[in-house]
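**Q** Test case, fold it:
(2 chains)
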Protein chains: 2
Amino acid sequence: MKKVRVLVLGAGGVGVYFGGRLAQGGAEVSVVARSDYEAVKRQGGYHISSIAGDFTFVPAAVLHSASEFEGVADYVILSSKVLPEVRAVSLLQPVVLSSSTTIVQIQNGIDIEREIADAFPGNVLLSTIAYIGVSRPAPGNVLHQGSGMLKMGRYPSGIGKEAERLAELFAAGGVQCELYENIGRVRWQKLLWNLPFNPVSVLSGGADTRAMTNGDELEALCRALMEETARVAQACGENFDAGDLDAMMDYTRNFPPYKTSMLQDYEAGRPLEVEAILGNAVRLAEKHGLSVPRMECCYALLKSVDQNRQRNKK
Amino acid sequence: MKKVRVLVLGAGGVGVYFGGRLAQGGAEVSVVARSDYEAVKRQGGYHISSIAGDFTFVPAAVLHSASEFEGVADYVILSSKVLPEVRAVSLLQPVVLSSSTTIVQIQNGIDIEREIADAFPGNVLLSTIAYIGVSRPAPGNVLHQGSGMLKMGRYPSGIGKEAERLAELFAAGGVQCELYENIGRVRWQKLLWNLPFNPVSVLSGGADTRAMTNGDELEALCRALMEETARVAQACGENFDAGDLDAMMDYTRNFPPYKTSMLQDYEAGRPLEVEAILGNAVRLAEKHGLSVPRMECCYALLKSVDQNRQRNKK
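**A** Below is the predicted model of the structure:
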């Protein structure tokens, strides 16, 4: 039987980890590497230190750019960060040449699929959310420290054979990949957490999850931001009630304190996913005529923080 | 004629500068110095570099603490920063022993007089707002770089002979000191500017006045915060209309770009006047049942920023 052909675009920690698992599951996985290229060529693959056991991921091909990929991919995994300077459609263009290629978007944020769906109307798009603690401490090296599951569904809704086939490959590689008829709801659910806690952790001068749930003004702000998010979700057709939000606050309060991924990015000097997490939600609120003053406030501040930092680095 | 006796408590840049001007105007001015004590003793006074001409201010007495002050002061000037750790009433207690002593509060913020008025009901309290660019680059040295005028009135309203007499002394020392029947309105007017621009300059990662008025989300946030402030002012009896706010935005937009005093404090690692500028306004809004979501948002964030920094310094 012919192997399933997978190409990973945006080979950071997330892309390399899940690409490596698909290879373990029996797929032929190629990778477009950038800053890692030399290291991966030299050491003959990626070294992945994982809580589930270390392994080496040897890609079928390590490429400088997507245009070097030969033939047709069954799946193209887009796992870069969602940043204004990353032109997702341009990245995909050279390798999404046939309607038989399925696009797998493993990215954070809300309303991030539309641009890709519009650009590739003849292709199946699998909207996918990763729950994983993973980083890339050095070129060619990936460190997997927590969780590692996926939630996936066809955009805008449904599942389909492409998702089922990929979920089987992930399962064969040891990754739990849950399929959802309505992946949109899952994205909103994740945003209910991400939208308050990620920006507030940065804007507060480095609050961890405990400091954001200790009963003072910062907790009230996170809760109010969560409510604003729920109102936007509702306008978009997904209802969450006060009990859902309480449960999320309780979960966070009772979890060992940790730094959000956005705070980690901030402290490491990396760009922040301001638009995918906050900007798109503000724009959806505007579209539906909703008032989201705290969201707008945090969006204006975080956008400025991110821009000031990028400017100061240059 | 007996000289007017003045004691300056909280001898930072503001207190030393205006104390020095009162001495030039003919008053007998003593100072409670802390970290400056040795330097002032050694050099025989304060060296003041001023855009209006350098001068040396030789206090009548340089004291370690207010309790060393002998006799009765006609005026006690309280010019420390408004911070939770500065107990204004305790500072004043040892020297406000007679109803003939007038308290002159030269401080920033809103609703900062009440605590002092309640503690010293038999004394005249002059609420005073300084418009000045002044700093203390080294112990015993003060640098006066901009403006230098005062607005003053009796708290809660009126003027009275104590204010008139002090204004004459200031005038004799070269300081313009305007008297107001309703100093409360002047404080709100200053807060309309301070409340948006000071916190946003810090929370935005260091935006100067130009960046906060360049037409994007940050300007919209500053304007919305100004409107929330105006609503609280209105509930407290002071009306400002949209034209007033437009004028303040235009003024800021057309001014050469500069860093707010709070941003300067932040960058120098000094504590921020979070409560005087934001916390008190939020509490007044609560008292009047007003919704001020952006103000609450910035308050929660700025309080955390300030606390995290103080903690990290220790």
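**Q** Before we go further, A:Leu143 is sitting in a strand, right?
**A** Yes. Secondary structure assignment places A:Leu143 in a strand (DSSP: H, G, I helix; E, B strand; the rest coil).
**Q** Quick check, it in contact with A:Pro137.
**A** Yes. Using Cβ atoms under 8 Å, A:Leu143 makes contact with A:Pro137 at a distance of 5.3 Å. Backbone N, C-alpha and C define where each C-beta goes, glycine included.
**Q** which of these two has more neighbours?
**A** A:Leu143 (18 against 9; other Cβ atoms under 10 Å in any protein chain shown).
**Q** Which strand residues bridge the more buried one?
**A** A:Ser49, A:Ser135 (DSSP bridges).
**Q** how near is A:Glu115 to chain B?
**A** Using Cβ to the nearest Cβ, to the nearest Å, A:Glu115 is found at 21 Å from chain B.
**Q** list the contacts for that residue?
**A** For A:Glu115, the contacting residues are A:Ala88, A:Val89, by Cβ atoms under 8 Å, 6 or more residues apart in numbering or on different chains.
**Q** 10 Å - rerun?
**A** A:Arg87, A:Ala88, A:Val89 (Cβ atoms under 10 Å, 6 or more residues apart in numbering or on different chains).
**Q** Just the buried ones among the residues you listed, please.
**A** A:Ala88 (16 or more other Cβ atoms under 10 Å in any protein chain shown).
**Q** how about the contacts of A:Glu115 in CSV, adding pLDDT and distance to chain B?
**A** Supplementary listing: the contacts of A:Glu115 in CSV, determined by pLDDT from 0 to 100; distance: Cβ to the nearest Cβ, whole Å:
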residue, pLDDT, distance to chain B
A:Arg87, 89, 22
A:Ala88, 92, 23
A:Val89, 94, 25
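**Q** quick check: domain ranges of chain A?
**A** Per the record, chain A has its domains at A:5-181, A:185-313, by automatic domain parsing.
**Q** Now distance to B:Cys298 too, for these, in JSON lines please.
**A** JSON lines is the format used below for the domains of chain A (distance: least, Cβ to Cβ, whole Å):
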{"stretch": "domain A:5-181", "distance to B:Cys298": "24"}
{"stretch": "domain A:185-313", "distance to B:Cys298": "7"}
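**Q** quick one on the thing from earlier: make CSV from the contacts of A:Glu115 and add secondary structure and distance to B:Met212 to it.
**A** Shown next, in CSV, are those (DSSP: H, G, I helix; E, B strand; the rest coil; distance: Cβ to Cβ, whole Å):
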residue, secondary structure, distance to B:Met212
A:Arg87, coil, 30
A:Ala88, helix, 32
A:Val89, helix, 34
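**Q** one step back: show me the common contact partners of A:Leu143 and A:Pro137, please.
**A** The contact lists of A:Leu143 and A:Pro137 share A:Gly13, A:Ser49, where a contact means Cβ under 10 Å, 6+ apart.
**Q** Who are the contact partners of the nearest residue to A:Leu272 once chain neighbours are set aside?
**A** Distances taken as Cβ to Cβ, 6 or more residues apart in numbering or on different chains put A:Asp306 closest to A:Leu272, at 4.6 Å, once the chain neighbours are dropped. A:Asp306 is in contact with A:83-84, A:202, A:262, A:265-266, A:270-275, B:205, counting by Cβ under 10 Å, 6+ apart.
**Q** Show me which of the residues you listed is closest to B:His64.
**A** Nearest to B:His64 among the contacts of A:Asp306: B:Gly205, at 40.4 Å, using Cβ to Cβ.
**Q** In this structure the closest one contacts B:Met212, no?
**A** No. B:Gly205 is beyond contact range of B:Met212, at 11.8 Å (criterion: Cβ atoms under 10 Å).
**Q** higher neighbour count, those two?
**A** Between B:Gly205 and B:Met212, B:Met212 has the larger neighbour count (other Cβ under 10 Å), namely 25 against 20.
**Q** Show the contacting residues for the more buried one.
**A** Contacts for B:Met212 (Cβ under 10 Å, 6+ apart) come out as A:300, A:304, B:196-197, B:200-201, B:204, B:218-219, B:221-223, B:249, B:252-253, B:257, B:260.
**Q** Show me how far stretch A:18-31 is from its chain's centre.
**A** 18 Å (Cα atoms, centre = their mean, to the nearest Å).
**Q** so which helix or strand takes in the residue nearest to A:Leu272?
**A** According to DSSP states H and E, A:Asp306 maps onto helix A:293-313.
**Q** What residues of that helix count as buried?
**A** Going by 16+ other Cβ under 10 Å, helix A:293-313 has these buried residues: A:293-307, A:309.
**Q** Kindly report the same for stretch A:18-38.
**A** A:18-25, A:27-33, A:36-37.
**Q** cool, stretch A:90-108 as well?
**A** Residues of stretch A:90-108 classed as buried: A:Leu91, A:Leu92, A:Val95, A:Val96, A:Thr101, A:Thr102, A:Ile103, A:Val104, A:Gln105, A:Ile106, A:Gln107, A:Asn108 (neighbour count, 16+ other Cβ under 10 Å).
**Q** Counting neighbours, what do you get for the nearest residue to the fifth one once chain neighbours are set aside?
**A** Spelled out, that is A:Thr101. For A:Thr101, ignoring the flanking residues on the chain, the nearest one in space by Cβ to Cβ, 6+ apart is A:Ala73 at 5.3 Å. By other Cβ under 10 Å, the residues close to A:Ala73 number 26.
**Q** Which secondary structure element is home to A:Ala73?
**A** Going by DSSP H and E, A:Ala73 is not in any helix or strand.
**Q** Make sure it is actually in contact with A:Val4.
**A** Yes. With contact defined as Cβ under 10 Å, A:Ala73 reaches A:Val4; the gap is 9.3 Å.
**Q** Find the residues that touch each one of those two.
**A** When contacts are counted by Cβ under 10 Å, 6+ apart, the set common to A:Ala73 and A:Val4 consists of A:Glu28, A:Val29.
**Q** Sounds good, over and out.
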